[in-house]
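> what shape does this take:
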Amino acid sequence: MSNPSIRKISNFFSRNKSIIAWSFYDFANTSFSIVVVTFVYAIYFKEIVCSNLPIGDFYWSLGTAISMLITAIISPILGAIADYNSGKKRFLFIFTLICVISTSLLTNIHRGDIFLGLLFFIIANIGFEAGLVFYDAFLPEITTPKNFGRVSGYGYALGYLGSFISLIFTFYLIQLNKINLTFLISSIFFLTFSLPLFIIIKEKNKKNSSKTSLINIGINRVIVTIKNLKYLKNLSLFLLSFFFFIEGVNTVIYFVGNFAQSTLHFTKLELLYFFLITQLTALLGAVVFGILADNIGKKKTLLITLFIWLIVILAVFLSQDIKIFYLIGSIAGSVMGATQSVSRSLMSSLVPDDKKTEFFGFYSFFGKSSAIIGPLTFGYISYITKSQRLAILSLLFFFIIGTIILFFVKEKNNN
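Numbers count the residues shown, from 1 in each chain. Below you'll find the predicted structure:
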């Protein structure tokens with residue numbers, strides 16, 4: 001390779017090193033998302049820990065609801081503290097370690113260990129979800145508003161590549177009947193590939209000499225922000241819309257594995273192939289919709305993904321054939337990352353500059369609190385009706401309401 005070519009590559013990485021390091025955190029953490037939340041542990045918990053009893057769905061929804069409730073409560077306060085004291089990277093590192101350690105402990109969970117199985121999952125999921133508050137808040141710092149869509153999409157795309165690679169490891173461990181080891185591998189994967197962010201990205205320091213408790217400062221800033229939300233009608237409308245439609249997305253993520261296995265009788269190998277396909281389409285979808293968002297607008301792109309979700313939910317309800325479900329999964333995958341990615345970029349363009357992390361704490365609050373109602377609704381309907389098809393149909397409500405509210409959100413022109 002010629003020296004000019006080497007210099008071009010070197011200059012590219014030098015100019016974009018913060019974006020690359022930031023995106024690698026997505027590459028790292030989606031190992032937890034796919035292995036623990038969506039696929040392996042979600043199935044393992046119901047099939048092995050809960051002996052495949054119907055109430056396993058309810059226990060799983062209870063675990064997700066508790067972890068999301070705790071995250072929802074603490075996120076705005078932690079975000080306000082981080083904005084006041086430049087603590088995004090520090091808090092992100094702490095919650096990453098919490099997730100990594102708790103995930104590794106799942107390796108020792110066996111049949112009947114329902115309490116410990118839920119406890120370690122709840123703690124791990126709090127670490128994962130709370131960390132995203134601080135991770136997302138770095139987006140406005142590493143790129144300009146006109147590139148929010150594509151950079152957010154690159155992060156999700158690299159994340160789904162991480163999921164795909166994690167599933168390759170999972171394939172071999174399932175073949176060796178060493179399913180428990182997937183949780184240990186996931187924790188190591190997460191820790192290792194999250195390091196570039198902590199090493200490369202520099203956070204601007206704010207020196208505040210106040211001796212007041214940081215927790216009190218965080219709570220007081222949140223109270224002031226809540227009072228001022230009435231003056232931020234547009235942002236409030238978006239958060240309300242986000243609350244509803246992300247409810248449907250989160251519930252799909254938490255229960256798609258259980259639905260495929262329990263209702264469509266997928267084998268573990270068929271499930272693995274299914275998730276490999278969805279991760280690839282999600283990777284492509286995150287990039288394509290991210291670029292589309294920067295060209296036609298974030299709101300318009302987000303509305304397109306939500307209309308596709310409505311079709312997907314109806315198709316899942318009607319699906320009987322495994323091959324058809326593979327196709328539905330491919331379509332769902334293409335908008336799963338895209339919906340989250342474009343939402344993050346739209347939020348970044350609406351949030352006040354001086355309260356980035358605090359408002360991403362509210363973004364997290366609406367996202368996590370919504371993930372309490374959706375999974376609990378699914379788990380409860382599934383339990384009382386003994387039908388996951390009826391449970392999945394309930395998600396239409398959340399997507400429809402979220403879509404209607406989004407129509408009233410005004411997008412800023414950042415071009």
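> count the neighbours of residue 412 for me.
By the criterion of other C-beta atoms under 10 Å, residue 412 has 12 neighbours. Using the backbone N, CA and C atoms, a C-beta is placed for each residue, glycine as well.
> residue ranges with poor pLDDT in the stretch 301-415 of the chain?
353-358, 361, 369-371, 413-415 (pLDDT under 70).
> please apply the same query to the stretch 151-300 of the chain.
Ranges of the stretch 151-300 of the chain meeting pLDDT under 70: 204-215, 217-219, 221-222, 224-231.
> go again using 50 as the cut-off
209, 211 (pLDDT under 50).
> so which residues of it form helices?
181-200, 214-228, 233-262, 268-296, 298-318 (DSSP state H, counting those that start in this stretch).
> now these as JSON lines including mean neighbour count and distance to residue 146?
Formatted as JSON lines, the helices of the stretch 151-300 of the chain follow (neighbours: other C-beta atoms under 10 Å; distance: least, C-beta to C-beta, whole Å):
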{"stretch": "helix 181-200", "mean neighbour count": "20", "distance to residue 146": "23"}
{"stretch": "helix 214-228", "mean neighbour count": "15", "distance to residue 146": "27"}
{"stretch": "helix 233-262", "mean neighbour count": "22", "distance to residue 146": "19"}
{"stretch": "helix 268-296", "mean neighbour count": "21", "distance to residue 146": "7"}
{"stretch": "helix 298-318", "mean neighbour count": "19", "distance to residue 146": "11"}
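> closest to residue 144 out of those?
Closest to residue 144 of those, according to C-beta to C-beta: helix 268-296, at 10.5 Å.
> now for the closest one, which elements pack on it?
helix 148-175, helix 233-262, helix 298-318, helix 322-350 (3 or more C-beta pairs under 8 Å, 6 or more residues apart in numbering; DSSP states H and E).
> what's the closest of those to residue 408?
helix 233-262 (5.5 Å).
> so how far is that closest one from its chain's centroid?
10 Å (C-alpha atoms, centre = their mean, to the nearest Å).
> got the angle for that helix vs helix 298-318?
If you take axes from the mean of the first three to the mean of the last three C-alpha atoms, to 10 degrees, helix 233-262 sits at 30 degrees to helix 298-318.
> the inter-axis angle of helix 233-262 versus helix 268-296?
Using the same axes, to 10 degrees: helix 233-262 against helix 268-296 is 160 degrees.
> same for helix 233-262, what does it pack against?
helix 40-44, helix 55-85, helix 268-296, helix 298-318, helix 322-350, helix 356-385, helix 388-393, helix 395-406.
> export the last one to CSV, keeping only CA atoms.
Pointing back at helix 395-406 there. Taking C-alpha atoms only, helix 395-406 is exported to CSV below (Å, rounded to 0.1, in the frame of the first residue of the first chain):
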residue,chain,number,x,y,z
LEU,A,395,-48.5,-4.3,21.3
LEU,A,396,-50.5,-2.7,18.4
PHE,A,397,-52.0,-0.2,20.9
PHE,A,398,-48.6,1.1,22.0
PHE,A,399,-47.3,1.6,18.4
ILE,A,400,-50.5,3.3,17.2
ILE,A,401,-50.6,5.8,20.1
GLY,A,402,-46.9,6.5,19.8
THR,A,403,-47.3,7.1,16.0
ILE,A,404,-50.2,9.5,16.4
ILE,A,405,-48.4,11.6,19.0
LEU,A,406,-45.3,11.8,16.9
